[in-house]
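Asker: Task: produce atomic coordinates for the following.
(one chain, ligands or ions: 1)
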Amino acid sequence: MKAAIIGAGTVGRSIGEGIKNDFEVSFSSGSFEKLEKWSKGEFKIFDNNVENAKYGDVILLAIKPGISDSVMEEIRSAAKGKLVISFMAGITLSHMQEMLKDSMVARGMPSIPMLVQKSVTAYSYKNLDKEHKDVLEKVLKGFGSAVHIDESYMDAVTGLSGSGPAFVAIMADSMINAGILAGIPKIQARELVIDTFINTMSLMREKGFSASDLRDEVMTPGGTTVAGIYEMEKANARTAIANAVLGSYRRAKEISKNSRD
Ligand SMILES: NC(=O)c1ccc[n+]([C@@H]2O[C@H](COP(=O)([O-])OP(=O)(O)OC[C@H]3O[C@@H](n4cnc5c(N)ncnc54)[C@H](OP(=O)(O)O)[C@@H]3O)[C@@H](O)[C@H]2O)c1
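Answerer: Numbering: from 1, shown residues only. Predicted coordinates:
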């Protein structure tokens, strides 16, 4: 099956890398010269979006929301009867349907670990039959995991898993710095923190632990962990983290609203 990706930036390239073993991937983009230089003959490339859209059985939009209307208008007839998946923030399924008339539409909100094929992508769709749902999931699972969600939660998802990697990075940075302050060499502090994050989440998933079950496993009466947790509670760490997610959610709602106005 052929997948035509429109846009070859961070998102388009990561998707292409992730799905290239399952799909015949093609690209079109803003600058053909840039595309030629980057693709180095590894992907089929087109110097215009219409030919690219004609080539694909499924079309993936990895462009900035600001040019989405002109690109959707451009490919409307080439995309007729095909599944079009958008990765653009703030562009709704009904807007896509209005622009693309006779295509099937879906949207996904990926996350930056897609650079190493480890995105968790929330996705929604409209009126897809089983065959196209399977194609959609195959595309999304090519660069990580996928969670189906009602479209009304998409802005909240942007705050949670879209911006989430930045919040996790700040927590990791604080822990690494604390380790260094306590005298641990930088390289080892970094390794210890990275594996603390990855391995703790594996434990939570594999044992089905809730976050508080996990905390209770580490926390012994009068011990070291409870002394650390007391400091976190004093600093209102939970509220700060929750507010980061909610701040991003509010901003995503504003952006979605502006793009609809
Ligand atoms: N980056 C993230 O972490 C992330 C996460 C979730 C969702 N998203 C969404 O994903 C979308 C793409 O983000 P990105 O970070 O990949 O952006 P990006 O790196 O700026 O890439 C945009 C791509 O679109 C191309 N382009 C420009 N004009 C075009 C046209 N008329 N026709 C076809 N292609 C055109 C650009 O080509 P040139 O460079 O040659 O101009 C570039 O390859 C955005 O809508 C964003 O909301 C991004």
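Asker: Give the next helix or strand downstream of whichever strand or helix holds Arg190.
Answerer: With elements taken from DSSP states H and E, the one containing Arg190 is helix 186-207. Using DSSP H and E, the helix or strand that follows helix 186-207 towards the C-terminus is helix 211-218.
Asker: Going by contacts, tell me the helices and strands next to that following helix.
Answerer: helix 186-207, helix 224-234 (3 or more C-beta pairs under 8 Å, 6 or more residues apart in numbering; DSSP states H and E). The way it works is simple: take the backbone N, C-alpha and C, and place the C-beta from them, glycine included.
Asker: Spit out the contact partners of the residue of the chain found nearest the ligand.
Answerer: Shortest the chain-to-the ligand distance, computed as C-beta to the nearest ligand atom: residue-wise this is Gly9, at 1.9 Å. When contacts are counted by C-beta atoms under 8 Å, 6 or more residues apart in numbering, Gly9 is found next to 29, 62-63.
Asker: If we use 7 Å, what do you get?
Answerer: Residues near Gly9 by C-beta atoms under 7 Å, 6 or more residues apart in numbering: Ala62.
Asker: And it, its phi and psi?
Answerer: Main-chain torsions, Gly9, degrees, to the nearest 10: phi -90, psi -150.
Asker: picking that back up, what's in contact with the helix holding Arg190?
Answerer: For helix 186-207, using C-beta under 7 Å, 6+ apart, the contacting residues are 168, 172, 175-176, 179-180, 209, 214.
Asker: between these, which has the most around it?
Answerer: Ile176 (19 neighbours; other C-beta atoms under 10 Å).
Asker: That one should be in a helix, yeah?
Answerer: Yes. Counting by DSSP: H, G, I helix; E, B strand; the rest coil, Ile176 is part of a helix.
Asker: sorry, back to before: among the contacts of helix 186-207, give me the pair with the biggest separation.
Answerer: Using C-beta to C-beta, the pair of the contacts of helix 186-207 lying farthest apart is Ile180 and Phe209, separated by 29.6 Å.
Asker: Can you pull the residues of the stretch 51-200 of the chain lying near the ligand?
Answerer: 62-65, 67, 71, 87-89, 109-110, 112, 162 (C-beta under 6 Å from any ligand atom).
Asker: Just the ones of these in helices?
Answerer: Mapping these onto helices (DSSP state H) picks out Val71.
Asker: Is the helix or strand of the chain with the lowest mean pLDDT positioned near the ligand?
Answerer: Taking mean pLDDT, DSSP states H and E as the measure, helix 237-260 is the helix or strand of the chain with the lowest mean score, a mean of 90. No. Helix 237-260 does not reach the ligand (C-beta under 6 Å from any ligand atom); its nearest approach is 9.0 Å.
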